[in-house]
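Participant: just to be clear, the model below is a prediction. Sequence and coordinates:
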Amino acid sequence: MAAAGLWVRRLPDRRNRRERRTADAFALLERLLRLLRRAGERVFGLRVEVTPPLPGEKGHTAGPVLILARHAGVGDSFLLLQTLLSQAGLRPHTVLKRTLRADPALDVLIGRVPHCFLPPRRGQAAQEAIAELAAGLGPGDALVIFPEGGNFTPRRRRRVIASLRRRGLPRRASRAERMHHVLPPQDTGALATLAAAPTADVVFVAHTGLDVLHSTRTVWSRLPLRESVRARWWCIPAHRVPPDDAARSEWLLAQWTSVDHWIATHANPGATHA
């Protein structure tokens, strides 16, 4: 209902109409996600521990940030967006699957903030859309992408490794086999993002706790949650990001190996281990 009200409301000030609509949409999105998190805490026992503590305060004017996060478990993307909005004071520019437009509230709210809905099959058009979104980042903005391209499951991990071998990438497949808790990052979107926003710092996010919820059966048996959701983040300043795509590809894979190592030492034994 609130999203519908935002959609039909007319703003008299034409000069700042777009800025006000975007600010209103971010505010409403933050309230919605905060409400969902509180419901998760009360109903499902959701608890979140972030290490190190987030440095930002709401309303701060940090430079643009690229956030590359692990994707595993039900609701991890929405929890990340809520944390960025409510605790870090960043405005997330979102990259989502086009199927999420079926939700009217998300369609209205996300449609009024910088966003990109990806088609079912990613190609050059998707890469260009992500790059355009990254190029528009300003102070206080954060672009969130999930380089794995989908939620981690052991079955999907096996399929990705087999695909790398079929494509003649045995070295990358071997390195992917040594990572048991993550999918190897897909270069296309991540490299396009890094090229389009060369002055942005890069933040990597590893998390565990929601990865126990990877099927209908586990959702039924694992809720309420018995352990906290733990998240670990680290920031790479823009000047330390490698300068070319080949070096960035190796660097991204090395960072993802660090994500896998952290998960290995913090994951619940019932998580989606390979």
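Facilitator: Cool, got the structure.

Participant: show me the longest helix that occurs in the chain.
Facilitator: The longest helix of the chain (DSSP state H) is helix 17-44.

Participant: and that helix, what's buried?
Facilitator: Burial within helix 17-44, assessed by neighbour count using 16 or more other CB atoms under 10 Å, is assigned to 21, 24-26, 28-30, 32-33, 37, 40, 44. Every residue, glycine included, has its C-beta placed from N, CA and C.

Participant: so can I have a markdown table of these showing pLDDT and distance to residue 164?
Facilitator: Below are the buried residues of helix 17-44 laid out as a markdown table (pLDDT from 0 to 100; distance: CB to CB, whole Å):
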| residue | pLDDT | distance to residue 164 |
| --- | --- | --- |
| 21 | 80 | 43 |
| 24 | 85 | 44 |
| 25 | 84 | 39 |
| 26 | 88 | 38 |
| 28 | 87 | 42 |
| 29 | 87 | 37 |
| 30 | 90 | 39 |
| 32 | 89 | 38 |
| 33 | 90 | 35 |
| 37 | 93 | 36 |
| 40 | 90 | 36 |
| 44 | 89 | 36 |
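
Participant: export the residues you listed as JSON lines, with columns for distance to residue 260.
Facilitator: Shown next, in JSON lines, are these (distance: CB to CB, whole Å):
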{"residue": "21", "distance to residue 260": "41"}
{"residue": "24", "distance to residue 260": "40"}
{"residue": "25", "distance to residue 260": "35"}
{"residue": "26", "distance to residue 260": "33"}
{"residue": "28", "distance to residue 260": "36"}
{"residue": "29", "distance to residue 260": "31"}
{"residue": "30", "distance to residue 260": "31"}
{"residue": "32", "distance to residue 260": "32"}
{"residue": "33", "distance to residue 260": "28"}
{"residue": "37", "distance to residue 260": "27"}
{"residue": "40", "distance to residue 260": "26"}
{"residue": "44", "distance to residue 260": "26"}
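
Participant: circling back: the helix or strand just after the longest helix of the chain: how far from the chain's middle?
Facilitator: As assigned by DSSP states H and E, the chain's next helix or strand after helix 17-44 is strand 48-51. Remark: strand 48-51 is offset 16 Å from the chain centroid, using CA atoms, centre = their mean, to the nearest Å.

Participant: quick one: contacts of strand 48-51?
Facilitator: Contact with strand 48-51 is made by 79, 83, 87, 228-233, as judged by CB atoms under 8 Å, 6 or more residues apart in numbering.

Participant: and the helices in the chain, which stretches?
Facilitator: Going by DSSP H, the chain shows helices at 2-8, 17-44, 76-83, 104-110, 124-135, 154-166, 170-177, 187-196, 216-222, 245-266.

Participant: of these, which approaches residue 116 most closely?
Facilitator: Nearest to residue 116, of all those, is helix 124-135, at 4.7 Å by CB to CB.
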